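S.K.: fold the following, please.
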Amino acid sequence: MTATEIIGLLAASLTTAAFFPQVIKTVKSKSTKDISLPMYSLMFAGTVSWLVYGLLIFDLPIILANGISSIASFVIFYFKFREVLHHKKAAK
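M.R.: Down below sits the predicted model:
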């Protein structure tokens, strides 16, 4: 394994792991009150795009990191979207 691959795997691991404190907090609290829906919409779209790119070029660090990150960002996006819909229904 080259130094470049090691750096890529380290970067992928760190950025992927960064999602999990928020995912755990969101799942436990069932609240996304202070989370931006536009931000997580863009984050989810971005990680899915990186995943597709990784699949197209067959790059394992990109595939693994963005596959996991896509799932993590989708969990937060789902809870946020559900909360927004709930508040809109409650306001009617």
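S.K.: look up phi and psi at the spatially most central residue of the chain.
M.R.: Central residue of the chain (Cα atoms, centre = their mean): residue 73, 2.3 Å from the mean position. Note on residue 73: its backbone torsions stand at phi -70, psi -30 [degrees, to the nearest 10].
S.K.: that one and residue 19 touch, don't they?
M.R.: Yes: using Cβ atoms under 8 Å, residue 73 makes contact with residue 19 at a distance of 6.3 Å. C-betas here are computed from N, CA, C, even on glycine.
S.K.: which residues in the chain form helices?
M.R.: With helices called from DSSP state H, the chain shows them at 3-17, 20-29, 37-57, 60-91.
S.K.: any chance of the ones you listed in JSON lines, plus mean pLDDT?
M.R.: Putting the helices of the chain into JSON lines (pLDDT from 0 to 100) gives the following:
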{"stretch": "helix 3-17", "mean pLDDT": "88"}
{"stretch": "helix 20-29", "mean pLDDT": "90"}
{"stretch": "helix 37-57", "mean pLDDT": "92"}
{"stretch": "helix 60-91", "mean pLDDT": "88"}
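S.K.: all set, thanks.
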